[in-house]
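Colleague: need coordinates for the below:
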Amino acid sequence: MTTFTLNGEVRTVNTDPETPALWVIREQLDLTGTKFGCGMAQCGACTIHVNGRAQRACITPIAALEGASITTIEGLKSEDGSLHALQQAWIDQQVPQCGYCQSGQLMSAAALLADNPNPSDADIDTAMRGNVCRCGMYGRIRSAIKQVVGTSFYDAMEGSQNG
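Modeller: Numbering: from 1, shown residues only. Next up, the predicted model:
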């Protein structure tokens, strides 16, 4: 038995302690926003927050989450149920294309901003490095993160090209 808090709700699961958290979250707890990508912690599609830190659910055994506070993409929304600022920025900057990587991208970006509310481009690149977007929306992802901190990447690019 493993007990943890998932998106603010205490949950207990009875499964093999080595079962990856990804499969418990998706198959047993029916939260399918966290995606399976590579199964080797290389693509970032399965990113969740464990005690506020971005972590890959595909390689994290459920037993390692005993007593932890876990947030999935379903729990990212604001307390009043509205979109998280990053989710709105994703829409505003037209980030999603196929959308498969988006939950992992958003979770990594949210962890970055929780640790560093005013990241530089280098900080963003470092934090997002482990998230693969096959559609190549990296510029839009950076722009969405910058929107949340008050500076749009594309606006800055336009300004640098005009001056």
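
Colleague: now do the helices in the chain.
Modeller: When assigned using DSSP state H, the helices of the chain occupy the ranges 21-23, 85-92, 102-115, 121-128, 138-148, 153-162.

Colleague: got those as JSON lines, with mean neighbour count and mean pLDDT columns?
Modeller: Yep, even glycine has a C-beta here, placed from its N, CA and C like the rest. What follows is the helices of the chain, written out as JSON lines (neighbours: other CB atoms under 10 Å; pLDDT from 0 to 100):
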{"stretch": "helix 21-23", "mean neighbour count": "23", "mean pLDDT": "98"}
{"stretch": "helix 85-92", "mean neighbour count": "18", "mean pLDDT": "94"}
{"stretch": "helix 102-115", "mean neighbour count": "22", "mean pLDDT": "96"}
{"stretch": "helix 121-128", "mean neighbour count": "15", "mean pLDDT": "95"}
{"stretch": "helix 138-148", "mean neighbour count": "22", "mean pLDDT": "95"}
{"stretch": "helix 153-162", "mean neighbour count": "11", "mean pLDDT": "40"}
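
Colleague: Throw these into CSV and include distance to residue 78, thanks.
Modeller: CSV is the format used below for the helices of the chain (distance: least, CB to CB, whole Å):
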stretch, distance to residue 78
helix 21-23, 24
helix 85-92, 8
helix 102-115, 12
helix 121-128, 21
helix 138-148, 13
helix 153-162, 24
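
Colleague: do you know which of these lies nearest residue 62?
Modeller: Ranking these by proximity to residue 62 (CB to CB) places helix 21-23 first, at 5.2 Å.

Colleague: what lies in contact with that closest one?
Modeller: Residues from elsewhere that reach helix 21-23, judged by CB atoms under 8 Å, 6 or more residues apart in numbering: 34, 36, 46, 48, 57-58, 60-62, 64-65, 70.

Colleague: and the residues you listed, which are buried?
Modeller: Among the contacts of helix 21-23, those scoring as buried are 34, 36, 46, 48, 57-58, 60, 62, 64-65, 70 (criterion: 16 or more other CB atoms under 10 Å).
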